[in-house]
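>>> Requesting a structural model of the entry that follows:
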Amino acid sequence: MHSLKFSQILLIAGLALTPMRAASAAEGELLSGAASDSVATTVSSGGLVFLGPFSGIDGRCRKTSDAQAWIVEKPRYGRASAIKRRGEIAYGPQERLAYCNDRPIVGTTIRYQPARGFVGDDTFVFVLRFRDGEVRAKRVNVHVE
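Numbers count the residues shown, from 1 in each chain. Alright, predicted model coming up:
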């Protein structure tokens, strides 16, 4: 039996991949609190939005691995990319590793920047794959004012 790679599965499903550098922050978490299917955020025209960083951490709040990230649906009115950036671990208060919150971590962060002069709503989708095999997709709805 032929096994398919993650990228082949996404392509078969009709999603184009834009490979990004490895991504990183508290494993499985997107922003603060429990991860969900979408995130809504607001940014000033000409500003930036940062999501992450994303990585795995151990029980001592040390980074164990980076996740891989892909932008699978590009924004129409801006740019989304993965960059290396310092951030803080952010788990929800009921999460098992919440005691690690606010500790610094360096990893790849998803960054969104609206097009110059754009005001309105934009959206994009990114996928994270963690070392343990967990895959998370997140739709980001951005309001630019």
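
>>> lowest-pLDDT helix or strand in this structure?
When the helices and strands of the chain are compared on mean pLDDT, DSSP states H and E, strand 18-19 comes out lowest with a mean of 32.

>>> which residues of the protein fall in helices?
6-12 (DSSP state H).

>>> beta partners of the residue nearest to Pro75 when sequence neighbours are not counted?
Nearest residue to Pro75, sequence neighbours excluded (CB to CB, 6 or more residues apart in numbering): Phe124, at 4.0 Å. Every residue, glycine included, has its C-beta placed from N, CA and C. Phe124 has these beta-bridge partners by DSSP bridges: Val140.

>>> Also Gln68?
Bridge pairing for Gln68 - DSSP bridges - gives Arg129.

>>> Please apply the same query to Val39.
Under DSSP bridges, the beta-bridge partners of Val39 are Val140.

>>> In this structure it contacts Leu51, no?
Yes: between Val39 and Leu51 a contact is recorded at 7.1 Å, counting by CB atoms under 8 Å.

>>> Between those two, tell me which one has more neighbours.
Neighbours were tallied for Val39 and for Leu51 using other CB atoms under 10 Å; the higher tally belongs to Leu51 (23 against 15).

>>> got a pLDDT number for the more buried one?
Listed pLDDT for Leu51 reads 89.

>>> Give the closest residue to it in space, chain neighbours not counted.
Ile110 (4.2 Å).

>>> Could you measure from the one you found over to Arg116?
20 Å (CB to CB, to the nearest Å).

>>> So between these two, which is more surrounded?
Neighbours around Ile110 and Arg116, counted as other CB under 10 Å, are more numerous at Ile110. The numbers are 25 against 8.
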